[in-house]
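K.L.:
my questions concern the predicted model and sequence given below.
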Amino acid sequence: MLRDGDSALLLDFGKNFSAFCNYFDVFLQPRTNSALKDMLRLKLLPELPGIYRQDMLAIDGAFEAAKRIGVPETARRLWESDLESFETYQERYGRPAVDGVLLSHGHSDHFQHISFIHPDIPIYGSAVTKAILRVCQEIGQAGVESDVLKCPERCIGFTTDKSIFPGEPKIDRPDKSRQRRYEEITPYKTLSIGGFGVEAVPVDHSVPGACSFIINCPSGKTVFYTGDIRFHGRLYEISDALKRRVNKLKPDVVISEGTRINSSSKDDEAKVERDIADQVRQSSGLAIVAFGWKDITRFETVWAAAKAAGRVFVISPKIALLWEYLHRIDPDTYPDISNDETLRVYLKRSDSMLYSKNDYKSDKYLLGVETDWGNRSNDIKKALAEENEEYLEPRLRHYRNGIRAYDIAAEPEKYLLHIGYFDANELLDIEPPPGSMFIRASAEPFNAEMESDEKRLENWLRQFNLLEEKQKITHDHVSGHAGGEELRELITSIEPRRIIPVHTEHPEAFVEAFEKQSDVILPEKGKEICIT
């Protein structure tokens, strides 16, 4: 949180996966209707007054409803909270506790826990980031943590006379369509947010639409927040424009990510493309590649490698949905790919396992690139009866034109297939033949849960002879973060008075790198830093 006088901004509000995994895993999750209270108690979220939703902190009437069924007064703490909600703060002070959230990009460690923030606190981010959030919400399985753009409010209700237990209290969500306020920012244009003047500067990262921010504070001080940043991807023009814009900016503070501050390696996305193409050419069977579906740069890299190797690239429907939404925003940067013969979408078996259209009604993105079906029971029936192709084509695109497991099994040497750990069971239907190969085009695991996933993936690969016994998965990957030398060059050119390192496990490296140039302030969790 950046505060100056009565104005305040949050610089991202994401999920700390390392801390989260100290307490939870896929089988042990925060309790749905107590998630915010659980995470505050475990110090996985900050106790900041005036930012959280009242219905997530303490639902009005919850304790009274519990008392009706015999809960004693001594248990009140289970339903109430001492932390002031957005609503009570606003009522008491006549203003919000924060003026907005500057969202740098669409990675979960930067946006996921916006779901707990009150929807009247606006998010400021790029149009591309909004599209990513929309896809994440539409395909999300994270419960309340998926409520980023749409924010259903919770209240106390009671079961009807037709219920097994009539008149019993329950949690209701009567408003299922409330939209969180999202303000799309225009790059290089100063926007007033509270008393701040904010300019978004596009940056290259492993997800499109990423930004850094130049923040002019009410007191006259200037802050530059890097967000997550790199200089070795495919977006050279964006990186060059960033360097020109912040050269000799001389801000009072740079808040800089430092994920790879100690790395001396020089990454190169073009080399990843060449290496993958070479490996695919050597395969006489099916080639399989894994990478994050939001990494559009890596998608374009692997697609280019597939074309160079003479293969059809078969992608996840998540990528297809995201690309479609990006195409609608910016058709020049993200052209229509629906009729490209070098690219197809994989249609997995689901539910009944019969490839029935009915199998996909709960996960509509598996069928096509439009998840809004209107009134599902009526609109889709009418469109089918009338053969309304304008309505049907995007909604059934993958069902009609997608590649199925038996297609790949019949001609494995024709395809480069994009699947990852959570799709590993597709190998049971595909049965990759001898000569097939697996390429991991994503980062190495960096926490215990990811290491466990990697070990299980290795077991799947060995089962299908895609990995030899005791062999480890190799990674053809470049990071979404700048290396130490690139980061030092950028910050040196900016000439800041002070540097605050964040998003790093080695903040002390900034002291060694910049102590002769700038004051380096190492942040401590929960402790305010005062800049005079």
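P.N.:
The structure has been received and is ready for your questions. Everything quoted here is computed from the prediction, not taken from an experiment.
K.L.:
so what does the helix or strand containing Gln90 touch, helix or strand wise?
P.N.:
Per DSSP states H and E: Gln90 is located in helix 86-93. Helices and strands touching helix 86-93, by 3 or more Cβ pairs under 8 Å, 6 or more residues apart in numbering; DSSP states H and E, are helix 54-57. From N, CA and C alone the C-beta is placed, and that goes for glycine too.
K.L.:
tell me the gap between the helix it packs on and the middle of its chain.
P.N.:
Averaging C-alpha positions (Cα atoms, centre = their mean, to the nearest Å) puts helix 54-57 24 Å from its chain's average.
K.L.:
coming back round to it: which other residues reach the first helix or strand past the helix holding Gln90 going along the chain?
P.N.:
The C-terminal neighbour of helix 86-93 among helices and strands, as given by DSSP H and E, is strand 100-102. For strand 100-102, the surrounding residues in contact (Cβ atoms under 8 Å, 6 or more residues apart in numbering) are 9-13, 114, 117, 121-125, 183, 193-194, 198, 213, 215, 225.
K.L.:
cool, and stretch 357-376?
P.N.:
135, 138-139, 317-318, 320-321, 324, 338, 347-353, 379-380, 393-399.
K.L.:
let's see 6 Å
P.N.:
138-139, 317, 320-321, 324, 350-352, 380, 394-399 (Cβ atoms under 6 Å, 6 or more residues apart in numbering).
K.L.:
and the longest helix along the chain, what does it pack onto?
P.N.:
Looking across the chain with DSSP state H, the single longest helix is helix 448-463. With contacts defined as 3 or more Cβ pairs under 6 Å, 6 or more residues apart in numbering; DSSP states H and E, helix 448-463 has no helix or strand neighbours.
K.L.:
how about the contacts made by Gly5?
P.N.:
By Cβ under 6 Å, 6+ apart, the neighbours of Gly5 are Pro218.
K.L.:
hmm, back to that, buried only: go through the contacts of stretch 357-376 for me.
P.N.:
138-139, 317, 320-321, 324, 350, 380, 394-399 (16 or more other Cβ atoms under 10 Å).
K.L.:
ok, Ala509 to Ile229 distance?
P.N.:
Distance, Ala509 to Ile229, by Cβ to Cβ, to the nearest Å: 16 Å.
K.L.:
pick out whichever of the two has more residues nearby.
P.N.:
It is Ile229, of Ala509 and Ile229, that has more neighbours when counted by other Cβ atoms under 10 Å, with 25 against 18.
K.L.:
how near is that one to Gly140?
P.N.:
26 Å.
K.L.:
before we move on, back to that, tell me the helix or strand right after the longest helix of the chain.
P.N.:
Helix 448-463 is succeeded, C-terminally, by helix 484-494 (DSSP H and E).
K.L.:
what is the mean pLDDT for that next one?
P.N.:
Mean per-residue pLDDT for helix 484-494: 95.
K.L.:
before we move on, what about stretch 19-32?
P.N.:
88.
K.L.:
for stretch 107-117, same thing?
P.N.:
Stretch 107-117 comes out at a mean pLDDT of 94.
K.L.:
with just CA atoms, put that stretch into CSV.
P.N.:
Extracted in CSV, the C-alpha atoms of stretch 107-117 (Å, rounded to 0.1, in the frame of the first residue of the first chain):
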residue,chain,number,x,y,z
HIS,A,107,-0.6,-13.5,-12.9
SER,A,108,-2.2,-15.0,-9.8
ASP,A,109,0.5,-13.8,-7.5
HIS,A,110,-0.5,-10.3,-8.4
PHE,A,111,-4.3,-10.4,-8.7
GLN,A,112,-5.8,-13.5,-7.0
HIS,A,113,-6.8,-12.0,-3.7
ILE,A,114,-8.5,-8.9,-5.2
SER,A,115,-11.5,-11.2,-4.8
PHE,A,116,-11.6,-10.3,-1.1
ILE,A,117,-11.4,-6.6,-1.7
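K.L.:
what lies in contact with that stretch?
P.N.:
Contacts of stretch 107-117 (Cβ under 6 Å, 6+ apart): 12-15, 36, 51-52, 56, 103-104, 144-145, 147-148, 207.
K.L.:
coming back round to it: I'd like the distance from the helix holding Gln90 to the chain centre, please.
P.N.:
Helix 86-93 has its C-alpha centroid displaced from the chain centroid by 30 Å (Cα atoms, centre = their mean).
K.L.:
that one - what's its average pLDDT?
P.N.:
Mean predicted lDDT for helix 86-93 stands at 94.
K.L.:
same question, stretch 274-289
P.N.:
95.
K.L.:
doesn't Glu524 belong to a helix?
P.N.:
No. Applying DSSP: H, G, I helix; E, B strand; the rest coil, one finds Glu524 to be coil, outside a helix.
K.L.:
now the strands: where do they sit in the stretch 201-350 of the chain?
P.N.:
Applying DSSP state E, counting those that start in this stretch to the stretch 201-350 of the chain gives strands spanning 211-216, 222-225, 253-257, 287-290, 312-315, 343-345.
K.L.:
just checking, which helix or strand succeeds the shortest one along the chain?
P.N.:
Using DSSP H and E, the helix or strand that follows strand 343-345 towards the C-terminus is helix 376-386.
K.L.:
buried residues in the helix or strand following that following helix, which are they?
P.N.:
Remark: after helix 376-386, the chain's next helix or strand is helix 389-395, criterion DSSP H and E. Residues 391-395 are the ones in helix 389-395 that count as buried (16+ other Cβ under 10 Å).
K.L.:
do the same with stretch 200-219
P.N.:
By neighbour count with 16+ other Cβ under 10 Å, stretch 200-219 contains the buried residues 200-217.
K.L.:
helices of the stretch 1-150 of the chain, start to end?
P.N.:
17-20, 35-41, 54-57, 62-68, 86-93, 108-111, 127-139 (DSSP state H, counting those that start in this stretch).
K.L.:
buried residues, the first one. List them.
P.N.:
It refers to helix 17-20. Under 16+ other Cβ under 10 Å, the buried positions of helix 17-20 are 19-20.
K.L.:
quick thing: my sequence starts at 302, can you match it?
P.N.:
Sounds good: first residue 302 from here, last item helix 318-321.
K.L.:
just give me how far that helix sits from the chain centre.
P.N.:
On Cα atoms, centre = their mean, the centre of helix 318-321 falls 15 Å from that of its chain.
K.L.:
okay, domains of this protein per the record?
P.N.:
Per automatic domain parsing, the domain ranges recorded for the chain read 492-565+781-833, 570-647+703-764.
K.L.:
out of those domains, flag the one nearest Gln772.
P.N.:
Checking the domains of the chain against Gln772 by Cβ to Cβ gives domain 570-647+703-764 as the closest, at 8.1 Å.
K.L.:
hmm, back to that, how about the domains of the chain in a markdown table, adding distance to Gly669?
P.N.:
Below are the domains of the chain laid out as a markdown table (distance: least, Cβ to Cβ, whole Å):
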| stretch | distance to Gly669 |
| --- | --- |
| domain 492-565+781-833 | 22 |
| domain 570-647+703-764 | 8 |
